[in-house]
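Colleague: The sequence and its predicted three-dimensional model are supplied below.
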Protein chains: 4
Amino acid sequence: MNVTVLIGRLTRDPEVRYTPNSQMAVATFTLAIDRPTGKDKEKQTDFPRITVFGKQAENCERFLAKGRLVGIQGRIQTGSYKNKEGVTVYTTDVVANNVQFLEWGEKREADNGFAGDTGIPEGFSSVDDDMIPF
Amino acid sequence: MNVTVLIGRLTRDPEVRYTPNSQMAVATFTLAIDRPTGKDKEKQTDFPRITVFGKQAENCERFLAKGRLVGIQGRIQTGSYKNKEGVTVYTTDVVANNVQFLEWGEKREADNGFAGDTGIPEGFSSVDDDMIPF
Amino acid sequence: MNVTVLIGRLTRDPEVRYTPNSQMAVATFTLAIDRPTGKDKEKQTDFPRITVFGKQAENCERFLAKGRLVGIQGRIQTGSYKNKEGVTVYTTDVVANNVQFLEWGEKREADNGFAGDTGIPEGFSSVDDDMIPF
Amino acid sequence: MNVTVLIGRLTRDPEVRYTPNSQMAVATFTLAIDRPTGKDKEKQTDFPRITVFGKQAENCERFLAKGRLVGIQGRIQTGSYKNKEGVTVYTTDVVANNVQFLEWGEKREADNGFAGDTGIPEGFSSVDDDMIPF
DNA sequence: TTTT
DNA sequence: TTTT
């Protein structure tokens, strides 16, 4: 059993890649979720990273943007990759099997992030067909 | 909203630390959760890291051991720390607010891991009172 | 373990009662949640009944209204009562421990439902202190 | 969004029916889940009813029995039927899309419940193809 | 008895 | 660095 449900806002526009073989869309983004905290403590926020595959990834690209509110149903997925120094980095993501758009309206102009700054974790920059979870 | 429910087996005995001020117990361990995968694909497993605070942490120390099956109800918590090279490492854990023991029996002899090998992520090696989430 | 997470719209304004002794607020309402269904099948909707206690119940009264979108985190609670014919009726509700308002704006004018039509299930019409789940 | 995760024990052996057209297996059973309650209050238990379809229903029939511990991932489904007095009865069930067996061993001898006492709610006694949720 |  |  591995179930996660989140409601939060995108910290940036989603990034979309395509797997080399099946050309399946893979969208990734990060949610900001405020932690319910006693009034004495300072506000804290969690930033889980979300991965979406296939048709839903394409819809995320079309309809989501920085700041938009979404509900996610998915599961925790762990992995690892070697960074350019050759050291192993461990990752923990939420792979969504259901993304619910809780706010609509005109899609915002894309973030004017420049090319080198994708917001995508290094280990995911080359999405691959064996990442597809079904 | 930030809800996670997991059922899996401990990859090692839990590790327990105490916060310096309140002397609250903090247990950490990793679960192995097999991914339900088509029979054609090879078996895959996720390894989310769990953190438990307080009385429940003490019970984890007493009753859990490597291989034991547990149910976790919690939420995803993200954080970061600087490693000894000064580079920021991002972490994603599940902070449990409910641990359900699904197997009992004699607690196993502890893993004969030697002192330097705690299995605890570097960023957590000094647990601190401001980690307490309530 | 008993965890439920829902996102849906209120079918009516919430109803609020107070327990006789502690005078704790108890809000009840029903959510409409569309079932994701193949395009060939007709649209289907589930209508789980939600119960909220205490401060959150008061906030539901203030901020929620028919049609409003909410997220619920809670657990399934079953019970039973005898109706006026003396036959036992079994109930299944979701007791919320967290209600997240996903839409704001002016609270709508109340439904012009007349007095005898509370929308509250018979077994709940007399809320009682021993219903308080904490 | 409509997500429920439960861990509990069967109150009876599962009952299995087949839909008239597709001859798909439909298993139903009730879980007992103890409510975590302060030590002052008396112990309380919830009894949600579970419905499982298809191959998983067949596995439930083969491997589950009264008292066995299971994990359920599913969603809340509401419905209604008319009883023999012609009065409408509303139902709330959990439709499982994943049943995890948390205990194994020899399947127990079936409950010696007599024929007229199926433990299945009246409204479900004639399972029908349009109940299949996919 | 049902919501957008 | 991984469990049955």
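Modeller: That came in fine, so what should we check first? Numbering: from 1, shown residues only, chains lettered A, B, ... in the order given.

Colleague: From now on I want contacts and neighbour counts done on CA atoms only, so please keep to that.
Modeller: Noted.

Colleague: those strands in chain A, which residues are they?
Modeller: Shown for chain A, the strands assigned by DSSP state E span residues A:2-10, A:15-18, A:25-35, A:44-46, A:49-53, A:69-82, A:88-101.

Colleague: Now render these as a markdown table, adding mean neighbour count and mean pLDDT.
Modeller: What follows is the strands of chain A, written out as a markdown table (neighbours: other C-alpha atoms under 10 Å in any protein chain shown; pLDDT from 0 to 100):
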| stretch | mean neighbour count | mean pLDDT |
| --- | --- | --- |
| strand A:2-10 | 23 | 98 |
| strand A:15-18 | 19 | 97 |
| strand A:25-35 | 22 | 97 |
| strand A:44-46 | 16 | 96 |
| strand A:49-53 | 23 | 98 |
| strand A:69-82 | 19 | 96 |
| strand A:88-101 | 18 | 96 |
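
Colleague: Switch those over to TSV; also include distance to D:F53.
Modeller: TSV is the format used below for the strands of chain A (distance: least, C-alpha to C-alpha, whole Å):
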stretch	distance to D:F53
strand A:2-10	20
strand A:15-18	35
strand A:25-35	31
strand A:44-46	37
strand A:49-53	26
strand A:69-82	21
strand A:88-101	20
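
Colleague: Would you tell me which of the ones you listed gets closest to chain B?
Modeller: Each of the strands of chain A has some distance to chain B by C-alpha to the nearest C-alpha; the shortest is strand A:2-10, at 4.3 Å.

Colleague: What is that closest one packed up against?
Modeller: strand A:25-35, strand A:69-82, strand B:2-10 (3 or more C-alpha pairs under 8 Å, 6 or more residues apart in numbering or on different chains; DSSP states H and E).

Colleague: Redo those strands as a markdown table? Include distance to C:I132.
Modeller: Listed next are the helices and strands packed on strand A:2-10 as a markdown table, based on distance: least, C-alpha to C-alpha, whole Å:
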| stretch | distance to C:I132 |
| --- | --- |
| strand A:25-35 | 25 |
| strand A:69-82 | 29 |
| strand B:2-10 | 23 |
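
Colleague: and B:T78, which of these is closest to it?
Modeller: Taking C-alpha to C-alpha, strand A:25-35 is the member of the helices and strands packed on strand A:2-10 nearest to B:T78, at 10.2 Å.

Colleague: hang on, the earlier thing: between the helices and strands packed on strand A:2-10, which gets nearest to C:T37?
Modeller: Taking C-alpha to C-alpha, strand A:69-82 is the member of those nearest to C:T37, at 16.4 Å.

Colleague: In its sheet, which strands sit next to that closest one, and in what direction?
Modeller: Strand A:69-82 has the following sheet partners, assigned by DSSP bridges: strand A:2-10 (antiparallel), strand A:88-101 (antiparallel).

Colleague: Go through those and name the closest to B:Y18.
Modeller: Nearest to B:Y18, of all the strands paired with strand A:69-82, is strand A:88-101, at 25.5 Å by C-alpha to C-alpha.

Colleague: can you state the direction angle for the closest one and strand A:49-53?
Modeller: Strand A:88-101 and strand A:49-53 are oriented at 70 degrees to each other (axes from the mean of the first three to the mean of the last three C-alpha atoms, to 10 degrees).

Colleague: Out of the strands paired with strand A:69-82, which is closest to A:P20?
Modeller: Judged by C-alpha to C-alpha, the one of those that comes nearest to A:P20 is strand A:88-101, at 19.3 Å.

Colleague: In contact with the closest residue to A:A25 other than its chain neighbours, which residues?
Modeller: In this structure, A:A25 finds its nearest non-sequential neighbour in A:Y18, 4.5 Å apart by C-alpha to C-alpha, 6 or more residues apart in numbering or on different chains. Contacts for A:Y18 (C-alpha atoms under 8 Å, 6 or more residues apart in numbering or on different chains) come out as A:M24, A:A25, A:V26, A:V127.

Colleague: which of those residues lies closest to chain D?
Modeller: Using C-alpha to the nearest C-alpha, A:V26 is the member of these that sits closest to chain D, with 21.7 Å.

Colleague: just checking, A:V16 touches A:L64?
Modeller: No - if you go by C-alpha atoms under 8 Å, A:V16 and A:L64 don't touch, sitting 11.5 Å apart.

Colleague: and the closest residue to A:I7 other than its chain neighbours, bridged to which residues?
Modeller: Excluding the flanking residues, the one nearest A:I7 by C-alpha to C-alpha, 6+ apart is A:G71, at 4.4 Å. As for beta bridges, A:G71 partners with A:I7, A:Q100 under DSSP bridges.

Colleague: Next up, the contacts around A:G71.
Modeller: A:G71 is in contact with A:V5, A:L6, A:I7, A:G8, A:V99, A:Q100, A:F101, A:L102, D:M1, counting by C-alpha under 8 Å, 6+ apart.

Colleague: Pull the contacting residues for the last one.
Modeller: Residues near D:M1 by C-alpha under 8 Å, 6+ apart: A:G71, A:Q73, A:Q100, C:V5, C:L6, C:I7, C:G8, C:I33.

Colleague: Tell me the confidence at it?
Modeller: Here the pLDDT value assigned to D:M1 is 98.

Colleague: quick one: it and DNA strand F, what's the gap?
Modeller: Per C-alpha to the nearest atom of the strand, to the nearest Å, D:M1 is found 29 Å from DNA strand F.

Colleague: Alright, that wraps it up for me.
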